[in-house]
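Peer 1: here's my sequence, what's the structure:
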Amino acid sequence: MRNLLLILFLGLGTNVINAQSACIDLVNMNVLYRGVNNQVVVGISGYPDHSALVMIDNGELEEISVGVYTILPGDGKLCTISVYAKSDDSQVLLKKAQYRVSNLPDPTVYLGGKVSGNEVSALDAALEVRMSYQIPVRTNFTILNWEATYNDHSITGNTNDLQVLYEFISALEPGGTMVIKGKAERQDGQVCLFGGVWDLVE
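Peer 2: A predicted model of the protein is given here:
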């Protein structure tokens, strides 16, 4: 899921330049994540929307529609977002805010739609790797390889062998513990580890 940064600028009185207040509401805990496009919504008061000029000091910024931007952070640990109101011969700084830049955590593995530590049915054991629901970022993962162990039985495979995994699990006798681990590639090329343990039930 992309990050949503809401930057609202409210002018007080008629002199917007000298009387400014700002409210910054960052959905993703004041964090910009590397490797993904973080969405930024910028609104200004007292000036036409098209007069907004947004600049950053770490990464790439792209305007996708009026007031809506994406930020792909660079290697720096911080990123400063500056918002100006521009005219033909001048520009006024309305707001400057600094945000922490962080790597995405390792993805969460789901078996049958359930995270590690839960019971899962052998008849509904689809394997999926994605970001946890607590990380509101949209990014895709491709499973590179996996290893599944159930009691004394084990099997390995890669991206093209997931159907083999499903058939292996569906043929097992419930009552044991399923262990799955492997590697997945994020859409930006970053390779991540995943793993989990589930109790197999009917």
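Peer 1: next, name the residue at the spatial heart of this structure.
Peer 2: Of all residues in the chain, the one closest to the mean position by C-alpha atoms, centre = their mean is V137, 2.1 Å from it.
Peer 1: from the contact counts, what lies against whichever strand or helix holds Y99?
Peer 2: Following DSSP states H and E, one finds Y99 within strand 91-102. If you count contacts as 3 or more C-beta pairs under 8 Å, 6 or more residues apart in numbering; DSSP states H and E, strand 91-102 packs onto strand 4-11, strand 20-26, strand 31-33, strand 78-86. To be clear about C-beta, it is placed using only N, CA and C from the backbone, and glycine gets the same treatment.
Peer 1: okay, now the residue nearest to Y47 when sequence neighbours are not counted: neighbour count?
Peer 2: Distance criterion C-beta to C-beta, 6 or more residues apart in numbering; nearest residue to Y47, sequence neighbours excluded, is A85 at 4.2 Å. Neighbour count for A85, taken as other C-beta atoms under 10 Å: 21.
Peer 1: how close does A85 sit to H50?
Peer 2: 10 Å (C-beta to C-beta, to the nearest Å).
Peer 1: how is the protein divided into domains?
Peer 2: For the chain, automatic domain parsing gives the domain ranges 4-102, 108-201.
Peer 1: can you list these in JSON lines and add mean pLDDT?
Peer 2: JSON lines is the format used below for the domains of the chain (pLDDT from 0 to 100):
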{"stretch": "domain 4-102", "mean pLDDT": "76"}
{"stretch": "domain 108-201", "mean pLDDT": "91"}
